[in-house]
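Trainee: coords please:
(chains A, B, C and D)
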Number of protein chains: 2
Amino acid sequence: MADIISAQDLSGGRLSDQDTVALIELLFFAYRDFVSDPDEILSQFGFGRAHHRVVHFVGRDPGMTVQQLLDLLRITKQSLGRVLKELIDKGYVFQKEGESDRRQRLLYLTAKGEELRLRLMLPQAERIRRAVAQSGGDAAQLYRKILYHMVNPENRESVRDWIERAAAIGEESGEHG
Amino acid sequence: MADIISAQDLSGGRLSDQDTVALIELLFFAYRDFVSDPDEILSQFGFGRAHHRVVHFVGRDPGMTVQQLLDLLRITKQSLGRVLKELIDKGYVFQKEGESDRRQRLLYLTAKGEELRLRLMLPQAERIRRAVAQSGGDAAQLYRKILYHMVNPENRESVRDWIERAAAIGEESGEHG
DNA sequence: GAAATTATGTCAGCCATATTGACATATTTT
DNA sequence: AAAATATGTCAATATGGCTGACATAATTTC
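Mentor: Below you'll find the model as predicted:
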């Protein structure tokens, strides 16, 4: 491991300016590469990142409402509209009328959509696994903590709720833990 | 600390699917909030994220060439063009003819530009510091390792070079470590 | 039962930021 | 002198956000 990648001063507990800036920049570079894998796959389908998000989150919580998806993505109805329509037209997503509330259009992935979701997730999962494995120790646990604490305090509850719910769905639908 | 935020299975060393997906999603949510602070400041200036990147990297390596900036940002000359022109016109960046090569237009921040750079960095630095502090242990060192290993292997050298060079510049120009 | 609210969809236009291709100028290298 | 390099600029196109307005169907409230 190169020296540059190890923080230089952890003595006092508070991060030095140098180390803090290095983390900011590393996050920028890491995130850029992190999204580059799915980007390439998406371009083969004529899709963009917006499509990825929809496919991912719908696949993780099948039957979610349009409004739930909007709240999660924090975009406008109009922005979602185009991508969702396209995904439906091309057969990756389908809608089902809500049973208890027939105004709702519950969202589901088709088999084709689920296939795409997994294909997009694979390189990201591999990247995370590799990075965690190469970092040794309790890397995963600590990484999770740090990312969680980087979320705005007022958003943490909804993020936690999401992760919790999606994990429960994953269990019952056979994603082996 | 809530149970949900701690990885559930670290026994074997290999991350479970559940934990891996949770990390993918946490990275998405964390990055979104991470960029939201500068976004808000930028909008007050009529700037966007592209301006942020230019101001940040030029400020970290004053005198860099346009080509170096293009390589770092991995965007086209035309994309950079508008943003750079705007920053120059509004007095945040200025250019100086290269001494050894007079074709080059070396990039520097004005005092106003440096002020903006620091203002944009502050909330991100605070967020990182808080997250690391709240995560305990060797969080910073491990976080740095993980982010570094999330960068594509073929890009690691340039990322390491950048961090190294920028750190050296920071030292000499008085950013206290 | 009428009125208000909610969930969803759609039209139109605007903005920021990315792209490609083409072309121009000045300077350096061969 | 010719080729390559560093930079700048014009034009057209795409993606994915945004706002505002309006429409329909279903549910909730009074």
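Trainee: near DNA strand C, which residues of chain A show up?
Mentor: A:65-67, A:77-78, A:81, A:84-85, A:95, A:98, A:101, A:103-106 (CB under 7 Å from any atom of the strand). For the C-beta atoms, the positions are set from N, CA and C on the backbone; glycine is no exception.
Trainee: which of these has the most neighbours?
Mentor: Among those, the one with the most neighbours (other CB atoms under 10 Å in any protein chain shown) is residue A:84, at 22 neighbours.
Trainee: Check which helices and strands the helix or strand containing that one sits against.
Mentor: Secondary structure from DSSP states H and E places residue A:84 in helix A:77-89. Under the contact definition 3 or more CB pairs under 8 Å, 6 or more residues apart in numbering or on different chains; DSSP states H and E, helix A:77-89 sits against helix A:49-60, helix A:66-73, strand A:93-97.
Trainee: go with 10 Å
Mentor: With contacts taken as 3 or more CB pairs under 10 Å, 6 or more residues apart in numbering or on different chains; DSSP states H and E, helix A:77-89 sits against helix A:49-60, helix A:66-73, strand A:93-97, strand A:105-109, helix A:111-135.
Trainee: Single out the most deeply packed of these.
Mentor: For those, the largest average neighbour count (mean count of other CB atoms under 10 Å in any protein chain shown) is found in helix A:49-60, namely a mean of 22.
Trainee: re the thing from before, a markdown table please, covering the helices and strands packed on helix A:77-89 and showing mean pLDDT and distance to residue A:141.
Mentor: Shown next, in a markdown table, are these (pLDDT from 0 to 100; distance: least, CB to CB, whole Å):
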| stretch | mean pLDDT | distance to residue A:141 |
| --- | --- | --- |
| helix A:49-60 | 96 | 22 |
| helix A:66-73 | 95 | 25 |
| strand A:93-97 | 97 | 34 |
| strand A:105-109 | 97 | 30 |
| helix A:111-135 | 94 | 10 |
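Trainee: Could you say which one of those comes nearest to residue A:166?
Mentor: Ranking those by proximity to residue A:166 (CB to CB) places helix A:49-60 first, at 4.5 Å.
Trainee: how far does that closest one sit from the chain's center?
Mentor: 8 Å (CA atoms, centre = their mean, to the nearest Å).
Trainee: name the helices or strands packed onto that helix?
Mentor: Counting contacts by 3+ CB pairs under 10 Å, 6+ apart, helix A:49-60 is packed against helix A:17-45, helix A:66-73, helix A:77-89, strand A:93-97, strand A:105-109, helix A:111-135, helix A:153-172, helix B:17-45.
Trainee: mind listing what the closest residue to DNA strand C within chain A touches?
Mentor: Nearest residue of chain A to DNA strand C (CB to the nearest atom of the strand) works out as residue A:67 at 3.1 Å. Shown in contact with residue A:67 (CB atoms under 10 Å, 6 or more residues apart in numbering or on different chains): A:77, A:104-105.
Trainee: one step back: between the helices and strands packed on helix A:49-60, which one is nearest to DNA strand D?
Mentor: Once these are compared by CB to the nearest atom of the strand, helix A:77-89 is nearest, at 3.5 Å.
Trainee: relative to helix A:49-60, how tilted is that closest one?
Mentor: Between helix A:77-89 and helix A:49-60, the angle comes out at 70 degrees (axes from the mean of the first three to the mean of the last three CA atoms, to 10 degrees).
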